[in-house]
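Q: just a sequence and a predicted model for now, questions to come.
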Amino acid sequence: MQKILVTGGAGFIGSHVVRLLVNKYPQYHIYNLDKLTYAGNLENLRDVEHAPNYTFLKGDIVDTNFINQLFSQHQFDAVIHLAAESHVDRSIVSPMDFIYTNIIGTVNLLNAAKTTWLGNMAGKLFYHVSTDEVYGSLGDEGFFYETTAYDPRSPYSSSKASSDHLVSAYHHTYGLPIVMTNCSNNYGSYQFPEKLIPLAINNIKNKKAVPIYGDGKYTRDWLWVEDHAAAIDLVFHTGKVGQTYNIGGHNEWKNIDLINLLCSIMDKKLNRREGESAELITYVKDRAGHDRRYAIDATKIKNELNWQPSIQFEEGLERTVDWYLANDEWLQHVTSGQYQQYYDQQYGVK
Ligand code: NAD
Ligand code: DAU
């Protein structure tokens, strides 16, 4: 029985990773460590919460003593580290939360893994889940490669870049067996509605303005979250120790084009007049330091590990809309209270 610690498993991507591992590998025991911040939600994992090979552990990766005790108690064989503060806009308002969780929290995990595995690193693995934002911002042309120099430009991406460097440093300095992936924008079920796609779905549903930052021509490379979870499974089992793999959808959309597509899907699903939802599009003040374009070159993971996205964007987006429309209760639970305060502050509206 392998003991695998997944951090941030109650979040968006983490919950998909936990579900996949719990269902696919009964021979593993999956420990999900999560602080349950505003972004963590155990409702994301209702379907696996009673599985015999699953345990939820509530805790903060910033708490050094807690992390050391946890590793000493459970003697994990591997770590898949997703816990992070993940929203760029929040990092602009409150950078320190990002520094503590994304940098200090990661170092706490690295130290605990190093101590626990000291003298016998064989078969152990520290898998660090990171983002394409560490590479900075592209112009109209070009892609991010694994060899692209880091050039993070927001407090969020800088904190993720710092954590990536520390993970590499622990490999080179202490021989810690690590693997890392840098993925593009994910979309799909269970994503907290502060991020563009679920925020827009929720607003369109409620006939609220859909805020588009700046000129709306900022470009992102979108990947269905279940394809990311499948890539993490593959890299965890077949990735080469010490390596980094980029993961992306080869699926670039300017924000305004994506939102127009979403509006037309929503018009059909909600039996609205064609063009009705698009009337909600509202240009608002730009994000500070907004990165213009992200685009991943995913050739390495395709050629070396035989991974590629399984579905087209239009199909994934329609499935995502269907999920949010069918899961109104989930949406209501996560959009109450603290989220509402944040929303009013960020967009200046009630
Ligand atoms: P998320 O915000 O939905 O989830 C983060 C989870 O981490 C939450 O469950 C939260 O409670 C937990 N957490 C936060 N601080 C913690 C702490 N101090 N201790 C323990 N748990 C804590 O994030 P996500 O979108 O699922 O992203 C997961 C990971 O993937 C992050 O590392 C992020 O940088 C990376 N990533 C995200 C995307 C994306 O498009 N969302 C793309 C590439 C990489
Ligand atoms: O690229 C991977 C990254 O993708 C992850 O590392 C981050 O955790 C994740 O949050 C995401 O970052 P982005 O900043 O790209 O995602 P977000 O959904 O916040 O914004 C997507 C684009 O839409 C971006 O250009 C900003 C714009 N936007 C966003 C919001 C929330 C708007 O125009 N209006 C909005 O209201």
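A: Perfect, I can see it now. Numbering: from 1, shown residues only. Ligands and ions are numbered 1, 2, ... in the order given.
Q: got the phi and psi for the residue of the stretch 251-350 of the chain found nearest ligand 2?
A: When scored by CB to the nearest ligand atom, the stretch 251-350 of the chain has residue 255 as its residue closest to ligand 2, at 4.6 Å. Placement of C-beta: from N, CA and C, glycine included. Main-chain dihedrals, residue 255, degrees, to the nearest 10: phi -50, psi -40.
Q: and residue 56, what does it touch?
A: Counting by CB atoms under 8 Å, 6 or more residues apart in numbering, residue 56 touches 9, 10, 32, 34, 42, 45, 49.
Q: go with 7 Å
A: 32, 42 (CB atoms under 7 Å, 6 or more residues apart in numbering).
Q: same question for residue 305.
A: 234, 235, 238, 239.
Q: leaving out the residues flanking it, which one is nearest to the residue of the chain most remote from its centre?
A: Here the centre of the chain is the reference, and by CA atoms, centre = their mean the most remote residue is residue 273, at 34.2 Å. Excluding its sequence neighbours, the residue lying closest to residue 273 (CB to CB, 6 or more residues apart in numbering) is residue 267, at 6.9 Å.
Q: kindly report the same for residue 123.
A: residue 77 (6.9 Å).
Q: stretch 129-141 near ligand 2 anywhere?
A: Yes. Counting by CB under 6 Å from any ligand atom, ligand 2 is contacted by stretch 129-141 at 131, 132, 133.
Q: wait, which of the contacts of residue 305 is closest to ligand 1?
A: Nearest to ligand 1 among these, counting by CB to the nearest ligand atom, is residue 235 at 13.0 Å.
Q: those strands in this protein, which residues are they?
A: Secondary structure of the chain (DSSP state E): strands at 2-7, 28-34, 54-58, 78-81, 125-131, 178-183, 185-187, 210-213, 219-224, 244-247, 252-254, 281-284.
Q: residue 331 contacts residue 203, correct?
A: No. In this structure residue 331 lies outside contact range of residue 203 using CB atoms under 7 Å: 11.3 Å.
Q: who has more neighbours out of the two?
A: residue 203 (21 against 18; other CB atoms under 10 Å).
Q: which residues touch the closest residue to residue 148 other than its chain neighbours?
A: Among residues not flanking residue 148 along the chain, residue 135 sits closest, at 4.7 Å (CB to CB, 6+ apart). Residues counted as contacts of residue 135 (CB under 7 Å, 6+ apart) are 144, 148, 150, 151.
Q: tell me how many other residues surround the closest residue to residue 51 other than its chain neighbours.
A: Distance criterion CB to CB, 6+ apart; nearest residue to residue 51, sequence neighbours excluded, is residue 22 at 5.0 Å. Other residues lying near residue 22 total 24 when counted by other CB under 10 Å.
Q: so residue 22 sits against residue 30, correct?
A: Yes. Counting by CB under 7 Å, residue 22 touches residue 30, with 5.1 Å between them.
Q: overlap in contacts, those two.
A: 53, 54.
Q: near ligand 2, which residues of the protein are found?
A: Checking the chain against ligand 2 by CB under 6 Å from any ligand atom, the hits are 86-88, 131-133, 184-185, 195-196, 199, 211-213, 218, 220, 255, 287, 294.
Q: among those residues, name the buried ones.
A: Buried members of the residues of the chain next to ligand 2, counted by 16 or more other CB atoms under 10 Å: 86-88, 131-133, 184-185, 195-196, 199, 211-213, 218, 220, 255, 294.
Q: can you narrow those to ones near ligand 1?
A: Within those, those near ligand 1 by CB under 6 Å from any ligand atom are 86, 131, 185.
Q: now tabulate those in CSV and tack on pLDDT.
A: As requested, those are exported to CSV (pLDDT from 0 to 100):
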residue, pLDDT
86, 98
131, 98
185, 98
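Q: how about residue 187: what's its closest non-neighbour residue?
A: Nearest non-adjacent residue to residue 187 (CB to CB, 6+ apart): residue 197, at 4.7 Å.
Q: was I right to think the one you found contacts residue 188?
A: No. Between residue 197 and residue 188 there is no contact, the gap being 8.6 Å when judged by CB under 7 Å.
Q: which residues do those two both contact?
A: Joint contacts of residue 197 and residue 188 (CB under 7 Å, 6+ apart) are residue 320.
Q: can you name the residue of the stretch 201-350 of the chain nearest to ligand 1?
A: Closest approach of the stretch 201-350 of the chain to ligand 1 (CB to the nearest ligand atom) occurs at residue 228, with a separation of 7.2 Å.
Q: could you measure from that residue over to residue 130?
A: Distance of residue 228 to residue 130, given as CB to CB, to the nearest Å: 12 Å.
Q: so which residues on the stretch 251-350 of the chain come close to ligand 1?
A: Residues of the stretch 251-350 of the chain lying near ligand 1 (CB under 6 Å from any ligand atom): none found.
Q: so where's the stretch 251-350 of the chain uncertain?
A: Within the stretch 251-350 of the chain, the stretches with pLDDT under 70 are 337-340, 342-343, 349-350.
Q: go with 80
A: 337-350 (pLDDT under 80).
Q: what sits against the residue in the chain that ligand 1 sits nearest to?
A: Here the chain gets closest to ligand 1 at one residue, residue 11, 2.1 Å apart by CB to the nearest ligand atom. By CB under 7 Å, 6+ apart, the contact set of residue 11 is 39, 40, 82.
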